[in-house]
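*Asks:* Got a sequence here, can you model it:
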Amino acid sequence: MSANRIPHTRYLILLMLFIVTTVNYADRATLSIAGSSIQDELGISSIQMGFIFSAFGWAYVLGQIPGGWLLDRFGSKLVYGISILTWSIFTMLQGFIGWVPVAMAVTTLFVLRFLVGLAESPSFPGNSRIVAAWFPTKERGTAAAIFNSAQYFATVAFAPLMGWLVHAWGWQHVFLVMGAVGIVVAIVWKFVIHSPRQHPRLSAQELAYIADNGGLVDMDTASKASNKVKGAQWYYVKQLLGSRMLMGVYIGQYCITTLTYFFLTWFPVYLVKQRGMSILEAGFVASLPALCGFAGGVLGGFISDFLLRRGFSLTAARKIPIVGGMLLSVTIIGCNYVSAEWMVIGLMALAFFGKGIGALGWAVVADTSPKEIAGLSGGLFNTFGNTAGITTPIVIGYIVASTGSFEWALVFVGISALIAVVSYLFVVGQIKRVELKHPGDSSSVPPRVSP
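*Replies:* As a prediction, this is how the structure comes out:
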């Protein structure tokens, strides 16, 4: 049976990942939309706000390796489902910060943002595991790009709503509404998501198509049955860190994620403080670069898989969009040299379009992760990437506090994009799947990679 005639249950799974990731990023962005109003009402300084923005990143990074291990140990459906419910509850609780004494507000908000980050930590390793299980290699780039592009769609879909909520009802309602949306999504997740072999509506033809073309359909079953990977996660982390290819990917992801966290944290504040827009205007304007980032994200995955189908190597098919997209992102620095609002938004849109094209790191993770520890591998990758969630808000907070301007902050973001290019061109090398050495194996050689 040709690929075109095979049922597409896997697309329903991808749609669910897209919806969940949209809510995931919308919940991360709640504070950036409400940030200016919270600062004014509670008297929070730029440096304090930078640390509050970073709280999510601290917890998200700390939770990556444990979250990845939990996914490998208990499966994506259970762990991810609990994650969605928990982060939604903590998001909703931020709406009650106004009831806390002002002296305690900064600490309480930091703690709640920290708990949101900890609860969200299994999300992207979970996405990567599910895509690796449900999609053949030649469709994986597009699938990973689609769920990753939800980070931009989240702003398109929810930034205007959140801006209106702040304007019409007050900043508290942003957290209350988004928390409620997440709880509903967690309930839907329980009934939609299954592993391939356990899905009640997956046809034998589609299962065979996925399995015969590189899909890891037995990932959850194998991870639960295997005794090799239990309790030895640090043994495998050491092997992953010993791969030059993966270290190059990790460095690149840190730099790419720097752009993401500028957009999720300081971008709306930049529009209000530096460009003089209202909160309502910033909510709508922020959606325009996000829409371009979404389009770029989908296009990047399509280009990568198209190159793969046309006979390009996996290495070339993944690197060409990543390098080209990151070079385009450097145009963000141009915002320092224009004054017209439409030119600022145009350059931001171009930069985030490029960032979307280049955001193929999760496809690379699905291509390279050892099948026994796909969750752990994705968690380590996300640990490096989301360290930028700690550093970016703090660095920009200090830059803005010391210079009174965002000019050097945009330079910092643009240089990060260039470093990502250098890493993929000169460090990563050939992209291949890593094969592990297990405890007790007689071989002492480092992990090798296979086509």
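*Asks:* any weak-confidence spans in the chain?
*Replies:* Judged by pLDDT under 70, the chain has its weakly predicted residues at 1-7, 35, 102, 219-233, 278-280, 282-283, 286, 438-451.
*Asks:* all strands for it, in order.
*Replies:* Assigned by DSSP state E, the strands in the chain fall at 433-435, 448-450.
*Asks:* mind checking how far the first one is from the chain centre?
*Replies:* For strand 433-435, the distance between its averaged C-alpha position and the chain's averaged C-alpha position is 23 Å (CA atoms, centre = their mean, to the nearest Å).
*Asks:* Repeat that for stretch 362-380.
*Replies:* 14 Å.
*Asks:* Stretch 262-277 now?
*Replies:* 21 Å.
*Asks:* repeat for stretch 42-54
*Replies:* With CA atoms, centre = their mean, you get 23 Å for stretch 42-54.
*Asks:* Report the buried residues of that stretch.
*Replies:* Buried residues in stretch 42-54, counted by 16 or more other CB atoms under 10 Å: 42, 44, 46, 48, 49, 50, 51, 52, 53, 54. C-betas here are computed from N, CA, C, even on glycine.
*Asks:* give the contact list for the last one.
*Replies:* By CB atoms under 8 Å, 6 or more residues apart in numbering, the residues touching residue 54 are 389, 390, 391, 392, 393, 394.
*Asks:* need the contact list for the residue lying closest to it once chain neighbours are set aside.
*Replies:* Closest residue to residue 54 apart from its sequence neighbours, by CB to CB, 6 or more residues apart in numbering: residue 393 at 4.5 Å. Counting by CB under 8 Å, 6+ apart, residue 393 touches 50, 51, 53, 54, 57, 261, 265, 266.
*Asks:* How much space separates the fourth one from residue 199?
*Replies:* Summarising the geometry, the distance separating residue 54 from residue 199, computed by CB to CB, to the nearest Å, is 39 Å.
*Asks:* cool, and the second one?
*Replies:* As defined by CB to CB, residue 51 lies at a distance of 44 Å from residue 199.
*Asks:* just the last one next, same as before
*Replies:* Applying CB to CB, the value for residue 266 to residue 199 is 41 Å.
*Asks:* do the same with the first one
*Replies:* In this view, residue 50 and residue 199 are 44 Å apart by CB to CB.
*Asks:* now the fifth one
*Replies:* Note on residue 57: its distance to residue 199, by CB to CB, is 35 Å.
*Asks:* Neighbour count: these two, which is higher?
*Replies:* residue 57 (26 against 18; other CB atoms under 10 Å).
*Asks:* give me every residue that touches that one.
*Replies:* Here residue 57 is in contact with 117, 261, 386, 387, 388, 389, 390, 391, 392, 393 (criterion: CB under 8 Å, 6+ apart).
*Asks:* And for residue 425?
*Replies:* Contacts of residue 425 (CB under 8 Å, 6+ apart): 319, 323.
*Asks:* any idea how far it lies from residue 253?
*Replies:* Distance from residue 425 to residue 253, by CB to CB: 15 Å.
*Asks:* likewise residue 71?
*Replies:* Counting by CB to CB - residue 71 and residue 253 are separated by 18 Å.
*Asks:* Those two: which is more packed in?
*Replies:* residue 71 (31 against 26).
*Asks:* Enumerate every residue touching the closest residue to the more buried one other than its chain neighbours.
*Replies:* What sits nearest to residue 71 in space, not counting adjacent residues and going by CB to CB, 6+ apart, is residue 375, at 3.3 Å. Residue 375 makes contact with 67-72, 76, 122, 125-126, 128-129, 223, according to CB under 8 Å, 6+ apart.
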